[in-house]
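Undergrad: Here is my input; please provide its structure:
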Amino acid sequence: MFGSLCAVIAGTKGWLDIREYILGHHDWFKNNNLFVRGIPADDTLARIISTIVPEQFHQCFIHWMSSIHTLTEGQVIAIDGKTLRGSYNREDRASTIHMISAYTSSNKLVLGQLKTEQKSNEITAIPELIRILDIKVALVTIDAMACQTKIAQTIVEQGGDYPLAVKSNQGKRREAIVKAFSF
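TA: Numbering: from 1, shown residues only. Here you go, the predicted model:
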């Protein structure tokens, strides 16, 4: 599992590539008590990885990120949604995967991610992601699409700060903000 994770981080694109990566770094893995009895075939790697329960892996990932990263006051956490290129089923292009990520720019580290069903579901997924993160004393930034009462409320309830992003096409809200800050 660890070898596969290292290989994916290094940019491999398939089971054979993962195996090749491990082969190329076998001495390092052996020195760290990994793959001491040899390297499994690519099909075996695929079978092992397919047994991972995504929800449990997600929780482990969040716990790992929390253990290696401590927020500092005012640190920026950028939340954004992206469509994963090439992630669709060829028979159903609507099956494309959309992910919401929380990224700490100062450490260049993803703190957490959630998959959404469709791009429009970012608004419902963002509060879920915020709830699983420790954002106390952080400044959370999100694009204007996420300028929603529920999202702002969730951030404040979790102890974070949130600059609202408002565009011209959000007429009444933008007018109210301009009026409030006009002297």
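Undergrad: which intervals of this structure have sub-threshold pLDDT?
TA: Under the criterion pLDDT under 70, the flagged ranges of the chain are 69-72, 86-95, 118-120.
Undergrad: residue closest to the middle of it?
TA: residue 113 (2.7 Å; Cα atoms, centre = their mean).
Undergrad: Is that residue part of a helix or strand, or is it coil?
TA: strand (DSSP: H, G, I helix; E, B strand; the rest coil).
Undergrad: Quick one: residues contacting it.
TA: 58, 61, 99-102, 129 (Cβ atoms under 8 Å, 6 or more residues apart in numbering). (Each C-beta comes from the backbone N, C-alpha and C, glycine too.)
Undergrad: Which residue ranges of the chain form strands?
TA: 76-83, 98-104, 109-116, 139-142 (DSSP state E).
Undergrad: State which helix of the protein is the longest.
TA: helix 54-68 (DSSP state H).
Undergrad: Across the sheet, point out what pairs with the residue nearest to the centre of the chain.
TA: Residue 113 has these beta-bridge partners by DSSP bridges: residue 101.
Undergrad: Could you list the domains of this protein?
TA: Domains of the chain are assigned by automatic domain parsing as 2-52, 55-180.
Undergrad: thinking again about what came up before, Throw the strands of the chain into a markdown table and include distance to residue 41, thanks.
TA: Compiled in a markdown table, those are given as follows (distance: least, Cβ to Cβ, whole Å):
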| stretch | distance to residue 41 |
| --- | --- |
| strand 76-83 | 33 |
| strand 98-104 | 30 |
| strand 109-116 | 29 |
| strand 139-142 | 44 |
